[in-house]
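In: Okay, sequence plus prediction incoming.
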Amino acid sequence: MVEQLIRNQQVRGSNPRAGSRKWREVPIKSGTGRYLAAGVCLALVALLAVGAGLVRPVRGAQPVIIRAGEHERHAVAITFDDGPSPSYTPKILSLLKQYQAHATFFVLGRKVEKYPGLIKTMLRAGHEVGNHTFDHPYLTKTDQLTREQEIETTGLDLDLVGCPQKDRLLRPPYSAFDKRLVSYLDHTHKHLVLWSIDSGDWQGLDAATIVNNVLSRVQNGSIIIFHDSDEKDRADRSPTVAALKVILPALRAAGYQLLTVSELIHGKKP
Ligand SMILES: [Zn+2]
């Protein structure tokens, strides 16, 4: 809208009828001088707009914070946090392949460095990999430098294993965020991805309860959160794997497309 306003100002400025009185009051004799004056004016307008923070990179139609997809589309996005894990991620990848599902994995940078092969396997299978920070801190309790290092170091680790940089997604640990984090993500062209259905697997629930948590609430556009590990690699994710053996075929039988977050939101491949 701001760009449109500036464009309108430019059009009005070059319209001889609209600007005739002003041109007469301040006559410019030389043709070159006139172009020079117009150029200086436009540059000043642009500088003022940038200075006021009005002109910003185009982000597209999507907001910075994403909680769910469109309700009109019969599709959901399954997501996994805290991995990758050599114990559970391969089992989950195998199930996703069996049920023609794409998923988004929000990974920890220090585990990307430890298990780069798992990230490459995810990408080869058409899954999406998002950023879950390097070491899983509360980003709302860290200083600005630390939080940027947590995010950007993980981004570099992902670059090194060939993960697409464009439209990089961040899920903050503990879903904790504040205005400063949102502003940082906005300016670095990232999206903050939350969720609309919590499987509850992080609470140590049994498989039947995890299944019920998901299937009783699922609807078009749901973003569902699971965990293929935990921060310390200590949690037993067998109930998550067992629950997926029921949830994935049930969602397919109900006709849901199982997509990555980017596919769900943008309608395209990550
Ligand atoms: Zn986490």
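Out: Noted; the coordinates are in hand. Numbers count the residues shown, from 1 in each chain.

In: tell me the SS of the residue lying closest to Asp82 once chain neighbours are set aside?
Out: Setting aside the residues directly before and after it, Asp82 is nearest to Ser229 in space (C-beta to C-beta, 6 or more residues apart in numbering), at 4.4 Å. Backbone N, C-alpha and C define where each C-beta goes, glycine included. In terms of secondary structure, Ser229 is coil; the call rests on DSSP: H, G, I helix; E, B strand; the rest coil.

In: quick one: the closest residue to the ion within the stretch 151-270 of the chain and Thr260, what's the gap?
Out: Nearest to the ion, among the residues of the stretch 151-270 of the chain, is Pro173, at 4.6 Å (C-beta to the ion). Summarising the geometry, the distance separating Pro173 from Thr260, computed by C-beta to C-beta, to the nearest Å, is 20 Å.

In: more crowded one of the two?
Out: Thr260 (25 against 20; other C-beta atoms under 10 Å).

In: Please enumerate the helices of the chain.
Out: For the chain, the helices identified by DSSP state H occupy 2-14, 20-25, 31-51, 89-98, 109-114, 116-124, 144-160, 179-187, 207-215, 238-253, 261-266, in order along the chain.

In: What strands line up against the lengthiest strand in the chain, and which way round?
Out: Here the longest strand in the chain is taken by residue count, with DSSP state E as the criterion, and it is strand 75-81. Using DSSP bridges, the strands paired with strand 75-81 in its sheet are strand 103-107 (parallel), strand 223-227 (parallel), strand 257-259 (parallel).

In: can you redo the ones you listed as JSON lines with mean pLDDT and distance to the ion?
Out: Formatted as JSON lines, the entries for the strands paired with strand 75-81 read as follows, by pLDDT from 0 to 100; distance: least, C-beta to the ion, whole Å:
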{"stretch": "strand 103-107", "mean pLDDT": "97", "distance to the ion": "7"}
{"stretch": "strand 223-227", "mean pLDDT": "98", "distance to the ion": "7"}
{"stretch": "strand 257-259", "mean pLDDT": "97", "distance to the ion": "21"}
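
In: out of those, deepest packed?
Out: Per-residue neighbour counts averaged over each of the strands paired with strand 75-81 give the maximum for strand 103-107, namely a mean of 28 (mean count of other C-beta atoms under 10 Å).

In: picking up where we left off before, wait, isn't the residue nearest to Asp82 in contact with Thr89?
Out: Yes. With contacts counted by C-beta atoms under 8 Å, Ser229 reaches Thr89, the gap being 7.4 Å.

In: list residues touching both of those two?
Out: With contacts taken as C-beta atoms under 8 Å, 6 or more residues apart in numbering, Ser229 and Thr89 have Gly83 as neighbours in common.

In: In contact with Ser196, which residues?
Out: Going by C-beta under 8 Å, 6+ apart, Ser196 touches Arg67, Ala68, Gly221, Ser222, Ile223, Ile224.

In: And the pLDDT for His266?
Out: According to the predicted model, the pLDDT of His266 comes to 81.

In: Tell me, how many residues neighbour it?
Out: Neighbours of His266 using other C-beta under 10 Å come to 15.

In: ok, now which ones touch Cys248?
Out: Quick fix: residue 248 reads Leu, not Cys. Contacts of Leu248 (C-beta under 8 Å, 6+ apart): Leu95, Leu96, Gln98, Tyr99, Ala101, Leu258.

In: Any of these buried? List them.
Out: Members of the contacts of Leu248 that pass the buried threshold by neighbour count (16 or more other C-beta atoms under 10 Å) are listed as Leu95, Leu96, Tyr99, Ala101, Leu258.

In: what's the last one in contact with, if anything?
Out: Taking C-beta under 8 Å, 6+ apart as the contact definition, Leu258 lies against 75-78, 96, 99-103, 248, 251-252.

In: how about a cut-off of 7 Å?
Out: With contact set as C-beta atoms under 7 Å, 6 or more residues apart in numbering, Leu258 has these partners: Val76, Ile78, Tyr99, Ala101, His102, Leu251.
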